[in-house]
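*Asks:* Below is the sequence, then the predicted model.
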Amino acid sequence: MKLGIIGLDTSHVVAFTRLLNNPNERYHVPGGEVVIAFPGGSPHFELSISRVEAFTQELRSQFEVEIVDTIEQVAHVSDAIFLESVDGAVHHEQLQKVVAFKKPIFIDKPFSISSKVANDMIQLAAKYETAIMSTSALRYAENLTKAIRNTNKGKIIGADCFGPMEIQDSKQGFFWYGIHMVEMLFTVLGSGSKSIKTITNPEHDVITGVWKDGRIGTIRGNRVGNNQFGVLIHFELGTEYIDISLNEKPYYASLLEQVLDFFQDGIPKVPLNETKEIIRFVEASNESSLSGKTVIL
């Protein structure tokens, strides 16, 4: 498959292209090659616009990816599209420009930074019968997926996730890095969240989510100290600790395997209803952080 990228302002574009285009990579993912890209970049978002030039040059020089001036050029040439713009606020506008081409689109996290806009994007894709999918790569860390499949300890009754929670933009809040821990939490507990309460201070945040079946999941975000991702999965017969960094196989490779399957069959590996719930969960976590109150979903 000829693959295109929209948005060259994240390290993902280099990591993904290397795994897809270089057959000598240990964890090379076959089935598609990145051939074309549109740089993009959000002028109001420093971490976006400051990185576009370097990643653009790397894709052009190391992988001979064609760099073009419009999003539509990418959609015209590609069989499938990676929408990689690091600023989730621009995803709706960019989707509007390519959705009519009816090419499958992977939209990197965060899918959106508004639950209303997320719903609009899903409805737009349905209108044009265009397959879309979104997720964080951490969902596919091998030791996490293996632990969830293990039934020896009984049912999963709760989970506690943790990781870095840098806040880059006040409008985005937890969408910038909290989205990773939320994705991990939903990977373990599934959909069905009911309420959220956030406790916050300058150095840490703790988000407590209650599920409709009574299970409780927490997210601890750190701006100082521990900078690794991990999760405690609580089973009926014990608790298992997962250190996301211990996987030999990179979770980017595991993610790309899922995305390539999606590009082939058009079936999102994370249901869009779950993606929509995840966006509302992060949004409500931001609301609770500001108000100090519990938010009912």
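*Replies:* It's in. Please read all numbers here as calculations on a predicted model, not as lab measurements. Numbers count the residues shown, from 1 in each chain.
*Asks:* give the contact list for residue 250.
*Replies:* Shown in contact with residue 250 (C-beta atoms under 8 Å, 6 or more residues apart in numbering): 15, 19, 27. For glycine as for every other residue, the C-beta is placed from the backbone atoms N, C-alpha and C.
*Asks:* out of these, who's nearest residue 225?
*Replies:* Ranked by distance to residue 225 (C-beta to C-beta), the contacts of residue 250 are led by residue 15 at 26.2 Å.
*Asks:* what sits against that closest one?
*Replies:* Contacts of residue 15 by C-beta under 8 Å, 6+ apart are 250, 252.
*Asks:* swap the cut-off to 10 Å and go again
*Replies:* Contacts for residue 15 (C-beta atoms under 10 Å, 6 or more residues apart in numbering) come out as 137, 250, 252-253, 255-256.
*Asks:* Would it be right to say that it lies in a helix?
*Replies:* Yes. Counting by DSSP: H, G, I helix; E, B strand; the rest coil, residue 15 is found in a helix.
*Asks:* Now do the buried residues in stretch 202-218.
*Replies:* Neighbour counts using 16 or more other C-beta atoms under 10 Å place 204-211, 215, 217-218 of stretch 202-218 among the buried residues.
*Asks:* make that stretch 2-11, sorry
*Replies:* 3-10.
*Asks:* If we only consider those, which is nearest to residue 142?
*Replies:* Of all the buried residues of stretch 2-11, the one with the least separation from residue 142 (C-beta to C-beta) is residue 10, at 22.4 Å.
*Asks:* Next one: that closest one relative to residue 124, how far apart?
*Replies:* 23 Å (C-beta to C-beta, to the nearest Å).
*Asks:* Now do the strands in the stretch 51-200 of the chain.
*Replies:* Secondary structure of the stretch 51-200 of the chain (DSSP state E, counting those that start in this stretch): strands at 66-67, 80-83, 105-107, 132-133, 156-164, 193-200.
*Asks:* Of all those strands, which one is nearest residue 185?
*Replies:* strand 156-164 (5.0 Å).
*Asks:* what residues are up against the residue nearest to residue 66 when sequence neighbours are not counted?
*Replies:* The spatial neighbour of residue 66 that comes closest, neighbours along the chain excluded (C-beta to C-beta, 6 or more residues apart in numbering), is residue 36 at 4.6 Å. Counting by C-beta under 10 Å, 6+ apart, residue 36 touches 2-6, 59, 65-68, 73-78, 81.
*Asks:* Look at residue 36 and tell me its secondary structure.
*Replies:* Following three-state DSSP, residue 36 is assigned to strand.
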